[in-house]
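Undergrad: test case, fold it:
(chains A and B)
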Protein chains: 2
Amino acid sequence: MHDIEEHAGPIEADVVVVGAGFAGITAARRLAEAGRTVALLEARSRLGGRALSRPVGDGQVVELGCEFHGQHDSVSAQVARSVGIGSHKVHDTGLKLIGDADGVRRWRGAIPKASPVALADFGQAALRLERMRREVPQEAPWEAPHARRWDYETMWSWTRRNVRTPGGRALMRLVIEAGMAASPAEVSLLHVLNYSNGTGGFRATTTVTGGTLENRFVGGAQGLALRLAETVADQTYTGAVVRRIVQADGHVRASGPGFEAVGRRVVVAVPVPLAGRIEYDPALPGHRDQLTQRLTLGSAIKFLTLYDEPFWRAEGLTGMAISHTGPVRAVLDGCPPGGTPGVLTAFVTGPAARRMLRLSGADRRAAVLAELVRLFGRRAGEPFDVIEQNWVAEPFTRGCYHAYAPPGLYTEFGPALKRPVGRIHWAGAETVPVEFGSMSGAIHSGRRAAAEVLACDEGAAPADLGLGPAERQGR
Amino acid sequence: MHDIEEHAGPIEADVVVVGAGFAGITAARRLAEAGRTVALLEARSRLGGRALSRPVGDGQVVELGCEFHGQHDSVSAQVARSVGIGSHKVHDTGLKLIGDADGVRRWRGAIPKASPVALADFGQAALRLERMRREVPQEAPWEAPHARRWDYETMWSWTRRNVRTPGGRALMRLVIEAGMAASPAEVSLLHVLNYSNGTGGFRATTTVTGGTLENRFVGGAQGLALRLAETVADQTYTGAVVRRIVQADGHVRASGPGFEAVGRRVVVAVPVPLAGRIEYDPALPGHRDQLTQRLTLGSAIKFLTLYDEPFWRAEGLTGMAISHTGPVRAVLDGCPPGGTPGVLTAFVTGPAARRMLRLSGADRRAAVLAELVRLFGRRAGEPFDVIEQNWVAEPFTRGCYHAYAPPGLYTEFGPALKRPVGRIHWAGAETVPVEFGSMSGAIHSGRRAAAEVLACDEGAAPADLGLGPAERQGR
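TA: As a prediction, this is how the structure comes out:
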């Protein structure tokens, strides 16, 4: 791995890859395995993108970024096993908590505490969403039979029509805000259906055992990213902030302060809104540029509170809590495999995150600790350490967990998510509808982008890849 | 006016203004009038932003960008009169045309041809929108009594519930697509109401006589922009593409290829999505950055076809046409005051524009000419010149007519539209809810930004301007 500041002269490779998260690392690995030279450029001084794990002693880590994979989420786990990295279960034994304006109650199993009428109301809506999502093709949600009808309204307006009780609506809001880090007012119904397809079902998104929150990687998600990056370490450059990408004379030049990298093709593997902030010459086609104006990153801040031990387990609690009110939508047991230190991971998401963004760091911390005390009792207010990870403020991410599609985006701009622009190919967790926004989605996208590059090199019909006539002549 | 390439050394001024459209020019003028030194930086080799007028001989121009102002739209007209620029009426005598899949029909007055049931259905919905918009405060639409309910759904889902006939729904779709250059699926209902407030009413948006399409400026909208810019010509630099804005030590530095400008404050007066593509140091606060990811430019391409004479007038037509089908949503008589040359201005907007963006220039032109022939007859297919202005492809605009707010933006991010970030102030037609997106809106915003700067200089309470504690100490 090279620090770009210590590297003199231009970098040359067959393929330049921009962004060393799971997508970029996977693309670079695949290309290297196929015998291509690569240059993997990363803006930060570290690799992993939204995967960020912090050591807490004894070889243990806590997760400040992406962390979960479910049984359904097989690709990232398969890849992990192939490089000798295992998984451990998220602690899920005991009772869970739910908070609202009236106080905090305990619940058990898959169904949070609510009135039977509200639960039945939410349940029938969830079943209906399950039936609808099966009609949405994962590779191209915009080709669903009812794509337009479902893409033309927000999740909120669908809920208002299909969930009648205040309690049922509140549960739906909580599931979307905690699961997608956005308000149901902001996301397209079609996007929610497609997203559910990627997680194996609507309810899996917010479920530990049997859902997408079931497992973490031993050593952390970033540990997996770093392991995967080892095979391309000599071709990796950190501190390389790409500001400009120029296509000319059968080559692509990616440059930024103090460096230039030249290749025959480039894979841009940063979040779509940030890809839109790079300067392109020639300028991006209108369809792609306007896509980058519309696909939007959610709003998530993670707070990790560290204790000597997971005191809630002794009290018969899983560590999971959800709350309709206050700054925190969900809490999970965030302990490393051995249970030491005790860690509660609080998710501040969607509208609650936007309110918190206006507060000072001290006020944010105080608000979260007060809510943890309300949920888990006095001991929750006495952590030996508090870690805040504000992904919205991260200059090279600017939002989490992932992007979401507002109404109209899929049906108006969907195909532009992955269509190459000349010698530029797009990767990233949100450029595949398949397992959208997840580690697996990122890996899928890196593989797909690498396959596109190899297919172009090897003379496959470029028309299949959406390249224009000029590009076909230029090959 | 200076070409930045011919300017050596750093530029110093009290205030640096980025972007010389109506907003930036207005801010620079106001500041200069108040005795401040300014530097007005423009990326293009021309001034005017989305105002772009092309000479067609005899001192006449045609309009490739913004062009209309109504009776309601008083600010731009007032400003024009103050610098000796008058207005002329858009030709509106005769019959209008409406096209659909069945053919083309003629209509008269304010009500397009449709079945009486569809017209009554559309009419009651339009009346309801009129009543609703009066409840939306122009300075802060997010404070309307029903702000959340109205911001949480798309215009499409409101229409589906409140307009029952296919004909009524088709008219609503046409009005939104032609008027806002976006699909009703993409815009928040609250945004439509606020936008209507800025135009003096929902139906005014698509009306010539008595509506916002009533008048053009003699010499063109860009002529007005250029006249206004005359007083700051010595402080104006073209070809200055600002890529980076650094706040440090009580100053702001705006820089780009080959130049640097330093001031005590900066006014950024480019479209919000493009403002988000500038690199900021320190990075923008999360709330503002995520706003720039969400506010989105509409999709509009203008085609002007030029003829020796306005042949449609002799046939008893106004030149106005609207169409439910095909690539063109609306056509207007685009002639200069004398009626020579004859000009039809075709608006390719919203979903139709996205489809056209995928075609070659020759195919776009052929599709528009075929539709003009269908609407206006054979002679429409024989222009002596065709001008295409694709605003989506313009590197320093990337969309038109203006931005729109998707669901949830106003209620989640509205106040960030104009809240200063330290020494950075925001201007642009979309940073004021008042007369959102128009020339008048841009002028309003430039005045407001200049007033903010002057208030800070003169010791007004910076807390009122949303500045943080650090900024207050640094003054």
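Undergrad: please make it C-alpha for all contacts and neighbour counts, starting now.
TA: Noted.
Undergrad: straight-line length of stretch A:152-172, end to end?
TA: As for stretch A:152-172, its first-to-last residue distance stands at 19 Å under the measure C-alpha to C-alpha, to the nearest Å.
Undergrad: what about it, near chain B?
TA: Yes: Stretch A:152-172 reaches chain B (C-alpha under 8 Å from any C-alpha of the partner chain) through A:152-154, A:156-157.
Undergrad: tell me, how many residues neighbour A:Phe303?
TA: A:Phe303: 24 surrounding residues under other C-alpha atoms under 10 Å in any protein chain shown.
Undergrad: is A:Phe396 in a helix, a strand, or coil?
TA: With DSSP: H, G, I helix; E, B strand; the rest coil as the basis, A:Phe396 sits in coil.
Undergrad: want to throw the residues of stretch A:152-172 next to chain B into JSON lines with pLDDT?
TA: Below are the residues of stretch A:152-172 next to chain B laid out as JSON lines (pLDDT from 0 to 100):
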{"residue": "A:Tyr152", "pLDDT": "98"}
{"residue": "A:Glu153", "pLDDT": "98"}
{"residue": "A:Thr154", "pLDDT": "98"}
{"residue": "A:Trp156", "pLDDT": "98"}
{"residue": "A:Ser157", "pLDDT": "97"}
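Undergrad: most widely separated two among those?
TA: Greatest spacing in the residues of stretch A:152-172 next to chain B, by C-alpha to C-alpha: A:Tyr152 and A:Trp156 (11.8 Å).
Undergrad: and stretch A:390-398, how far out from the chain's middle?
TA: With C-alpha atoms, centre = their mean, to the nearest Å as the basis, stretch A:390-398 stands 13 Å off its chain's centre.
Undergrad: distance between the ends of that stretch?
TA: Start-to-end span of stretch A:390-398 (C-alpha to C-alpha) is 9 Å.
Undergrad: what pLDDT, on average, does that stretch get?
TA: Mean pLDDT, stretch A:390-398: 96.
Undergrad: and if you look at stretch A:275-293?
TA: 97.
Undergrad: now check it, is it near chain B?
TA: Yes: shown here: stretch A:275-293 in contact with chain B (C-alpha under 8 Å from any C-alpha) through A:276-278, A:283-287, A:289-290, A:293.
Undergrad: now the residues you listed as JSON lines including neighbour count and secondary structure?
TA: JSON lines is the format used below for these (neighbours: other C-alpha atoms under 10 Å in any protein chain shown; DSSP: H, G, I helix; E, B strand; the rest coil):
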{"residue": "A:Gly276", "neighbour count": "22", "secondary structure": "coil"}
{"residue": "A:Arg277", "neighbour count": "21", "secondary structure": "coil"}
{"residue": "A:Ile278", "neighbour count": "20", "secondary structure": "coil"}
{"residue": "A:Ala283", "neighbour count": "14", "secondary structure": "coil"}
{"residue": "A:Leu284", "neighbour count": "18", "secondary structure": "coil"}
{"residue": "A:Pro285", "neighbour count": "18", "secondary structure": "coil"}
{"residue": "A:Gly286", "neighbour count": "22", "secondary structure": "helix"}
{"residue": "A:His287", "neighbour count": "24", "secondary structure": "helix"}
{"residue": "A:Asp289", "neighbour count": "22", "secondary structure": "helix"}
{"residue": "A:Gln290", "neighbour count": "25", "secondary structure": "helix"}
{"residue": "A:Gln293", "neighbour count": "24", "secondary structure": "helix"}
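Undergrad: which helices and strands does the helix or strand harbouring A:Val104 pack with?
TA: Assigned by DSSP states H and E, A:Val104 belongs to strand A:103-107. Contact analysis of strand A:103-107 by 3 or more C-alpha pairs under 8 Å, 6 or more residues apart in numbering or on different chains; DSSP states H and E lists strand A:95-100 as its packing neighbours.
Undergrad: so which of the residues of stretch A:275-293 next to chain B is the closest to B:Arg355?
TA: A:His287 (9.0 Å).
Undergrad: now name the helix or strand holding the nearest residue to A:Thr340 once chain neighbours are set aside.
TA: The shortest distance from A:Thr340 to any non-neighbouring residue, by C-alpha to C-alpha, 6 or more residues apart in numbering or on different chains, is to A:Glu309 (5.9 Å). If you go by DSSP H and E, A:Glu309 is not part of any helix or strand.
Undergrad: what sits against A:Glu309?
TA: A:339-343 (C-alpha atoms under 8 Å, 6 or more residues apart in numbering or on different chains).
Undergrad: what is the burial count for the nearest residue to A:Gly220 once chain neighbours are set aside?
TA: Closest residue in space to A:Gly220, ignoring its immediate chain neighbours: A:Ser53 at 5.6 Å, by C-alpha to C-alpha, 6+ apart. By other C-alpha under 10 Å, the residues close to A:Ser53 number 20.
Undergrad: against chain B, how distant is A:Ser53?
TA: Distance of A:Ser53 to chain B, computed by C-alpha to the nearest C-alpha, to the nearest Å: 22 Å.
Undergrad: now for that residue: which residues touch it?
TA: Residues near A:Ser53 by C-alpha under 8 Å, 6+ apart: A:61-65, A:220-223.
Undergrad: could you do A:Leu189 as well?
TA: For A:Leu189, the contact set (C-alpha under 8 Å, 6+ apart) comprises A:150-155, A:158, A:407.
Undergrad: rerun at 6 Å
TA: For A:Leu189, the contact set (C-alpha atoms under 6 Å, 6 or more residues apart in numbering or on different chains) comprises A:150-151, A:154-155.
Undergrad: could you do A:Thr318 as well?
TA: A:Thr318 makes contact with A:92-96, according to C-alpha under 6 Å, 6+ apart.
Undergrad: for A:Ala346, which non-adjacent residue is spatially closest?
TA: Leaving aside its chain neighbours, A:Ala346 sits nearest to A:Val331 (4.4 Å; criterion: C-alpha to C-alpha, 6+ apart).
Undergrad: same question but for A:Thr345, I mixed them up
TA: Excluding its sequence neighbours, the residue lying closest to A:Thr345 (C-alpha to C-alpha, 6+ apart) is A:Leu304, at 4.6 Å.
Undergrad: and which of the contacts of A:Ser53 is nearest B:Arg364?
TA: Nearest to B:Arg364 among those: A:Gly65, at 45.6 Å, using C-alpha to C-alpha.
Undergrad: number of residues surrounding that closest one?
TA: With other C-alpha under 10 Å as criterion, A:Gly65 counts 24.
Undergrad: mind checking the backbone torsions on A:Thr349?
TA: For A:Thr349, the backbone dihedrals (degrees, to the nearest 10) come out as phi -140, psi 160.
Undergrad: what's the residue nearest to A:Ala185 when sequence neighbours are not counted in contact with, if anything?
TA: Excluding its sequence neighbours, the residue lying closest to A:Ala185 (C-alpha to C-alpha, 6+ apart) is B:Tyr152, at 4.4 Å. Going by C-alpha under 6 Å, 6+ apart, B:Tyr152 touches A:185, B:407-408.
Undergrad: helices along the stretch 1-150 of chain A, start to end?
TA: A:22-33, A:74-82, A:116-133, A:147-151 (DSSP state H, counting those that start in this stretch).
Undergrad: return the most buried member of the ones you listed.
TA: Stretch with highest mean neighbour count among these: helix A:22-33 (a mean of 27; mean count of other C-alpha atoms under 10 Å in any protein chain shown).
Undergrad: what does that helix contact?
TA: With C-alpha under 6 Å, 6+ apart as the criterion, helix A:22-33 contacts A:229, A:269, A:427-428, A:442-443, A:446-447, A:450.
Undergrad: got the angle between that helix and helix A:74-82?
TA: Angle of helix A:22-33 versus helix A:74-82, following axes from the mean of the first three to the mean of the last three C-alpha atoms, to 10 degrees, is 50 degrees.
Undergrad: quick one: A:Ala39 from A:Met1, how far?
TA: Applying C-alpha to C-alpha, the value for A:Ala39 to A:Met1 is 11 Å.
Undergrad: tell me, what's touching the two both at once?
TA: Residues within reach of A:Ala39 and of A:Met1 at once, by C-alpha under 6 Å, 6+ apart, are A:Thr236.
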